[in-house]
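**Student:** here is my input; please provide its structure:
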Amino acid sequence: MRILLVNPFVERMHLELSYAENFRPPLGLAYCAAVLEQHGHEVRIVDALVEGLRFPALRRLLLRERPDVVGLSIYSPTRYEAFRTARVVKQTLGEGVVVVCGGPHPSAAAEDTLEHVEPIDWCISGEGEHAFVELLDALAAGRDPCAIAGVVGRRDGAIVAGPPRGNIEDLDGLPRPARHLLPMRAYRTRMPSTMLRCTTLLTSRGCPARCTFCTRDWFSRETRFHSAAYMADEIESIVADWGLRAFIMQDDTFTLNKSRIRAFCDEVRQRRLKIDWLATTRVDCVDLDLLRSMRDAGCRVVTFGVESMNPATLKWLKKGFTVERAKTAIGWARQAGLTVRCSYLVGIGDETEEDVRRSLAEARTLPVAKLKANVGLSVYPGTPLYGMAIEAGVLPPDYSYARGWQDEERRYGNGETPRWYTPHVPLERLLELRRETDVNVLFTRPSLALVTHRARKFAGRFRRHPLVSLSHVAQLGAAALSGNRLRLPESPTDH
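**Tutor:** Have a look, this model is predicted:
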């Protein structure tokens, strides 16, 4: 069959990522494409998001390609534009084309999606590589796909789901992502420390943590890992094929299996791979020796999900660690010579204004290169927070993530994903508090490479987005004048 896999275009997200030069390859589609190619299908990936492929251009492409099946990758924040993309596919090619959607959102809300979005024919819940192949085989043979594990569809006007699909246990048995089908030159994300152009790797699946907001229940919390040799082989192939020597590890918790990471670091050193990389992990999944080994193997940046300096908030989030542990892990990472970045949450749980002020004030003392603070929490389907939101009256019991998708006024970034805020502080005040503490500023020690990169990046931003660029300059100037100075890391090992 002729298969077209689409990462849908979303206007505001395209502008934001273009401004930040932070487009990343859709690895989920690339994994699916690689398995489909293994089974003899003719596959093309269209990353409409990075290519800026709006609906008129998509229609022209559909008429040229005439695919038998179109697969859409859907995340909850982008679901409305993905639903509209499905409508464009049907309008352009007619009812004969099959539209299949997969990814995080349909994994959590397949029935809701099919109930309200008529242009979508099938949803795949969970890991989709093998389910997609089985679905295509059933369609080609005229069999009912509703019996396939992980597939949800319609039968006689009713929504029918196959049994739950088990996880892919042997990740090394999967082919490498089909990066040759992606516009790799268009992804211009840079390593925060060295400014080298980088790409992404996914070396594990699953996470056993029970964070309140986490979407892991959409798939599975069962952890599975690529081997250290597989990881090193994939890096060598990317270096050879694309000339890239910097990598972002997209695992939820990269160091969950410490022995695997130590083995990977040994592979990097034994193969003499000259690479830089960034990893995201939890503060309770590292130790000083591991972080030093990572640094020796090319790790330059580690990102921790610290989230809060308020112990009660950490407990509400079910993070499973303490403020003291977060500070200890950050200290270890800096001692190992790593640049540290942290994600942070403001105005959640039962926080008062005093709680928010105290948490942000303490966050400002952390010796990190960047502290990215988000106000509130998105409420995604299938998460513990979703049930809590209904119980608290934040969402109605019959809330639908698909109802109203036809409304052209509802687009990404315009309130279509519900959010949880503390009931004790108005949103406007939370935003003021974040601005007052200036926690989103990048506190990076200057270097020639950094200054050159920032100048080039700002020139490109100003050319594409002059008004936004000027407003950011004004915000930085106001922060400096108000006393929220840019503080530099004390350690000379920060880059």
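**Student:** distance between the ends of stretch 183-198?
**Tutor:** Between the opening and closing residues of stretch 183-198 there is a gap of 14 Å (C-alpha to C-alpha, to the nearest Å).
**Student:** how distant is that stretch from the center of its chain?
**Tutor:** 16 Å (C-alpha atoms, centre = their mean, to the nearest Å).
**Student:** pLDDT of it, averaged?
**Tutor:** Stretch 183-198 carries an average pLDDT of 89.
**Student:** list the buried ones in that stretch?
**Tutor:** Buried residues in stretch 183-198, counted by 16 or more other C-beta atoms under 10 Å: 187, 188, 189, 191, 192, 193, 194, 195, 196, 197, 198. For glycine as for every other residue, the C-beta is placed from the backbone atoms N, C-alpha and C.
**Student:** low-confidence ranges in the protein?
**Tutor:** Per-residue confidence for the chain (pLDDT under 70) gives these ranges: 216-220, 411-415, 437-454, 456-458, 461, 464-465, 472, 475-495.
**Student:** so what touches the helix or strand where residue 89 lies?
**Tutor:** Element membership for residue 89, per DSSP states H and E: helix 79-93. By C-beta atoms under 8 Å, 6 or more residues apart in numbering, the surrounding residues in contact with helix 79-93 are 6, 8-11, 48, 55, 58-59, 62-63, 66-67, 70, 72-75, 97, 99, 101, 105, 113, 117, 119-120, 401-402, 405, 410-412, 416.
**Student:** those in helices, which ones?
**Tutor:** Using DSSP state H, 11, 48, 55, 58, 59, 62, 63, 105, 113 are the members of those that sit in helices.
**Student:** farthest pair within these?
**Tutor:** Across these, no pair lies farther apart than 63 and 105, at 27.6 Å, counting by C-beta to C-beta.
**Student:** those two: which is more packed in?
**Tutor:** Legend: neighbour count by other C-beta atoms under 10 Å for residue 63 and residue 105, higher for residue 105 (28 against 10).
**Student:** test my guess that the more buried one contacts residue 405.
**Tutor:** No. Residue 105 lies out of contact with residue 405 (C-beta atoms under 8 Å); the separation is 11.6 Å.
**Student:** residue 421 reaches residue 428, doesn't it?
**Tutor:** No. With contact defined as C-beta under 8 Å, residue 421 does not count as touching residue 428 (10.7 Å).
**Student:** those two: which has the busier surroundings?
**Tutor:** In this view residue 421 and residue 428 are compared by other C-beta under 10 Å, and residue 421 has more residues nearby, 18 against 8.
**Student:** need the phi and psi values for that one.
**Tutor:** Residue 421 has phi and psi values of phi -120, psi 150 when expressed as degrees, to the nearest 10.
**Student:** which non-adjacent residue is nearest it?
**Tutor:** Here the nearest residue to residue 421 in space, its sequence neighbours aside, is residue 376; by C-beta to C-beta, 6 or more residues apart in numbering that works out to 4.4 Å.
**Student:** and what of residue 284?
**Tutor:** With sequence-adjacent residues excluded and distances taken as C-beta to C-beta, 6+ apart, residue 284 is closest to residue 321, at 4.4 Å.
**Student:** again with residue 49
**Tutor:** The shortest distance from residue 49 to any non-neighbouring residue, by C-beta to C-beta, 6+ apart, is to residue 7 (5.2 Å).
**Student:** was I right about the one you found contacting residue 46?
**Tutor:** Yes. Contact criterion C-beta under 8 Å: residue 7 and residue 46 qualify, at 7.1 Å.
**Student:** spell out, range by range, the helices that occur in the stretch 351-495 of the chain.
**Tutor:** Across the stretch 351-495 of the chain, reading from the start of the chain, the helices by DSSP state H, counting those that start in this stretch fall at 353-363, 384-391, 427-437, 448-464, 466-481.
**Student:** show residues contacting stretch 174-189.
**Tutor:** For stretch 174-189, the external contacting residues (C-beta under 8 Å, 6+ apart) are 21-27, 30-31, 33-35, 37-38, 43-45, 47, 50-51, 129, 168, 197-200, 202, 234, 237-238, 241-242, 248.
**Student:** for the residue nearest the centre of the chain, which residues are in contact?
**Tutor:** Using C-alpha atoms, centre = their mean, the residue of the chain that lies closest to the mean C-alpha position is residue 250, 7.8 Å off. For residue 250, the contact set (C-beta under 8 Å, 6+ apart) comprises 24, 27, 200, 201, 202, 280.
**Student:** let's see it at 10 Å
**Tutor:** Counting by C-beta atoms under 10 Å, 6 or more residues apart in numbering, residue 250 touches 24, 25, 27, 200, 201, 202, 203, 204, 278, 279, 280.
**Student:** for these, which one is nearest residue 344?
**Tutor:** Of the contacts of residue 250, the one sitting nearest to residue 344 (C-beta to C-beta) turns out to be residue 280, at 13.9 Å.
**Student:** quick check: phi and psi on that closest one?
**Tutor:** Here the main-chain torsion angles of residue 280 (degrees, to the nearest 10) amount to phi -110, psi 130.
**Student:** so it makes contact with residue 299?
**Tutor:** No. Assessed by C-beta atoms under 10 Å, residue 280 is found out of contact with residue 299, at 11.3 Å.
**Student:** looking at these two now, which is surrounded by more residues?
**Tutor:** The residue with more neighbours, out of residue 280 and residue 299, is residue 299; 28 against 19, by other C-beta under 10 Å.
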